[in-house]
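Participant: sequence unknown, structure follows:
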């Protein structure tokens, strides 16, 4: 299957700082990327959908000014958690999909801990 | 009501057992259905898509009941390596831009 690389795999940061997570499609052009958040023992929750070159579409309840998404190229999308707080601690995971495809492939996820 | 509901388990079964998971969804307009597998602290991986006519892939059989809005996954002759969390995923859009995940059913296969 296609490869999606997410970096970093884990990060610990201080409250109030910002954290950037990268999601790269290594062997295909990802016209659409998705960002999810998963709390322990809960389902993946879609945060936003981004199409290359366009502004991301955020799900209801997700603050776009707090979770900045950039999808400037066909192989890279970034999620920046701004002014992170302990309640933002979670497993963030991206998935990427090629134009015309129905299957999206997931990155390895980023475990964020805000202290 | 959650959009996608699954029995969280855990299901603890011996090797060789047959185990079945069910999943219900609330959006009657849902078009696409999937089962994903997620190992602990790893990303989900597609196990199989679920088609209206039902489909089988080796030891795994998936079925869809649109009238009752539920999906099932049957695992036969379970292996130790089947231990994982199984996620039911539903999408109302043909392009799958709105995939909704269940919380997952935890399976542990024991020797």
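Facilitator: Cool, the structure landed. Values in this document were obtained by computation on a predicted structure and should not be read as measured data.

Participant: relative to chain A, how far out is residue B:37?
Facilitator: Taking C-beta to the nearest C-beta, to the nearest Å as the measure, residue B:37 falls 11 Å from chain A. Any C-beta I mention is one placed from the backbone N, CA and C, and that applies to glycine too.

Participant: give the bridge partners for that residue, please.
Facilitator: In this entry, residue B:37 is beta-bridged to residue B:45, residue B:86, by DSSP bridges.

Participant: next, count neighbours for it.
Facilitator: Other residues within reach of residue B:37 by the criterion other C-beta atoms under 10 Å in any protein chain shown amount to 19.

Participant: in contact with the residue lying closest to residue A:95 once chain neighbours are set aside, which residues?
Facilitator: Once flanking residues are discounted, residue A:95 sits nearest to residue A:104: 4.1 Å by C-beta to C-beta, 6 or more residues apart in numbering or on different chains. Each residue near residue A:104 by C-beta atoms under 8 Å, 6 or more residues apart in numbering or on different chains is listed here: A:32, A:34, A:95-97, B:96, B:99.

Participant: got a list of what the most centrally placed residue in chain A touches?
Facilitator: The centroid of chain A falls nearest to residue A:35 when counting by C-alpha atoms, centre = their mean (3.7 Å). Applying C-beta under 8 Å, 6+ apart to residue A:35 gives the contacts A:23, A:46-50, A:56, A:67, A:69, A:77, A:79, A:92-94.

Participant: now the two most distant members of the residues you listed.
Facilitator: Distance extremes for the contacts of residue A:35: the farthest pair is A:56 and A:93 at 15.5 Å, using C-beta to C-beta.
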